[in-house]
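S.K.: next input, structure requested:
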Amino acid sequence: MTTITDLYPSRGPAEVAVPRRDPVVWSAPGAPGPIAADRLEAFERDGFLAIDQLIGDDEVALCQRELERLLADPAVRADERAIVEPKSEEIRSVFEVHRISEVFANLVRDERVVGRARQILGSDVYVHQSRINVKPGFGAGGFYWHSDFETWHAEDGLPNMRAVSVSIALTENHDTNGGLMIMPGSHRTFLGCAGATPEDNYKKSLQMQDAGTPSDEALTAMAGEYGIKLFTGRAGSATWFDCNCMHGSSENITPFPRSNVFIVFNSVENTAVEPFAAPVRRPEFIGARDFTPVR
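M.R.: Numbering: from 1, shown residues only. So this is what the prediction gives:
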C-alpha cells in the first residue's frame, strides 16, 4: 500500500495552525482560460473571486423553477440527500443535485463554470460535492465559521488543497439575509481543529456543525488579521473561493429568501483516499468517490 503523508493534521488534542503547503492557483502562468490574469492574481492573494453575473436572467429563472420543483417533490424530501432544518423541518439543503437534476447537471458542465475550475486547479476536474442551499427567511439557520478543506481532508480524505467551490446566487444576496462571509487571505493558513470526529458526524454537522469548527480565540485572531468580506449581489452572480478559506454565513431572519447552488470541483490529480481523521468515509453524496472528469 502507498503511504500518503498527512500534510494537514487535524482533530487532535489541540488546535494547530499550519502554513499552507500547496499552491492556490495550480495552472501555469499565462495558461488559457476564462479568468483574466489580474483576476487570477487576486484570487491567489485573497482566496476568492466574485463575478457580478455568471448566468443570465433566463438561466436564473430556469434554475429557480427547478429548485422549487425539487423542494416540492415528496421523493426528494424523503431522500437522505435532503437535509432539513432542525426547528422548522423545512429543507435546508439538497445534495448531489447534478445527479438528481438535468438542469443542474448542465450548469456543472457549462464552460463558464467548469472552465474556471480547470483554470484554477490546472487539470481536469470532477464534482466532489454539489447541493442547493435554501434560506427561506424568518429564522433559517446559518453555517458556522469553518474551512471546507478541514472537513474534506479529515472526513473525506482529500490529500491536498486542490479544490475550489462556486456559490451561484439564485436569489438576490442582500447584506441582511444571511450571505456568504469570507476572511480574505485566510486560505494561506490551515487551522487544524481540536477534538476527535464522532461516528456518523455528518448526520449532525449538515444541520449544525460542531466537530471541525475553530475556537473563538482562533477566529478572533484570524478576523483581526484578515478582516471579513460579506458578499452581496443579484441573482446570477457568483463567488468562487478556495477550499481552505475561513467562511460562514449567519441565519436569515429577514423576509427575503436566499438560495444558491453550490458546486465543489476537485482536481482529478487530488482524488480522495481514506479519511485522515475520521473512523469511516462520509456517504458518496457528500464526498464523491466517482472521479470521472466533467466533460
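S.K.: in space, what's closest to the spatially most central residue of the chain - neighbours in sequence excluded?
M.R.: The C-alpha lying nearest the average C-alpha coordinate of the chain belongs to Ser165 (CA atoms, centre = their mean; 4.9 Å). Among residues not flanking Ser165 along the chain, Val264 sits closest, at 4.9 Å (CB to CB, 6 or more residues apart in numbering). Backbone N, C-alpha and C define where each C-beta goes, glycine included.
S.K.: Phe48 too?
M.R.: In this structure, Phe48 finds its nearest non-sequential neighbour in Phe241, 4.1 Å apart by CB to CB, 6+ apart.
S.K.: tell me the contacts of the residue nearest to Ser165?
M.R.: Val127, His128, Gln129, Ser130, Asp148, Trp152, Ala163, Val164, Ser165, Cys243 (CB atoms under 8 Å, 6 or more residues apart in numbering).
S.K.: strands - which of the residues you listed land there?
M.R.: Mapping the contacts of Val264 onto strands (DSSP state E) picks out Val127, His128, Gln129, Ser130, Ala163, Val164, Ser165.
S.K.: contacting residues for the fourth one?
M.R.: Contacts were defined as CB under 8 Å, 6+ apart; by that measure Ser130 touches Phe95, Glu96, Val97, His98, Arg99, Phe104, Val108, Val261, Phe262, Ile263, Val264.
S.K.: redo the residues you listed as CSV? Include secondary structure, pLDDT and distance to Glu274.
M.R.: Shown next, in CSV, are the contacts of Ser130 (DSSP: H, G, I helix; E, B strand; the rest coil; pLDDT from 0 to 100; distance: CB to CB, whole Å):
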residue, secondary structure, pLDDT, distance to Glu274
Phe95, strand, 97, 21
Glu96, coil, 97, 21
Val97, helix, 97, 26
His98, helix, 98, 25
Arg99, helix, 97, 23
Phe104, helix, 98, 29
Val108, helix, 98, 26
Val261, strand, 97, 29
Phe262, strand, 97, 25
Ile263, strand, 98, 24
Val264, strand, 98, 19
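S.K.: now the strands for the stretch 151-295 of the chain?
M.R.: In the stretch 151-295 of the chain, the strands defined using DSSP state E, counting those that start in this stretch lie at 163-169, 180-182, 189-192, 229-230, 238-242, 246-249, 258-267.
S.K.: just checking: what are the partner strands of the last one?
M.R.: Listed by DSSP bridges, the sheet partners of strand 258-267 and their directions read strand 125-135 (antiparallel), strand 163-169 (antiparallel).
S.K.: one more: the second one?
M.R.: Next to strand 180-182 in the sheet, as set by DSSP bridges, lie strand 229-230 (antiparallel), strand 246-249 (antiparallel).
S.K.: thinking again about what came up before, okay, the residue nearest to Ser165 and Asp148: tell me how far apart.
M.R.: According to CB to CB, to the nearest Å, Val264 and Asp148 sit 7 Å apart.
S.K.: next: His247.
M.R.: Using CB to CB, His247 is found at 8 Å from Asp148.
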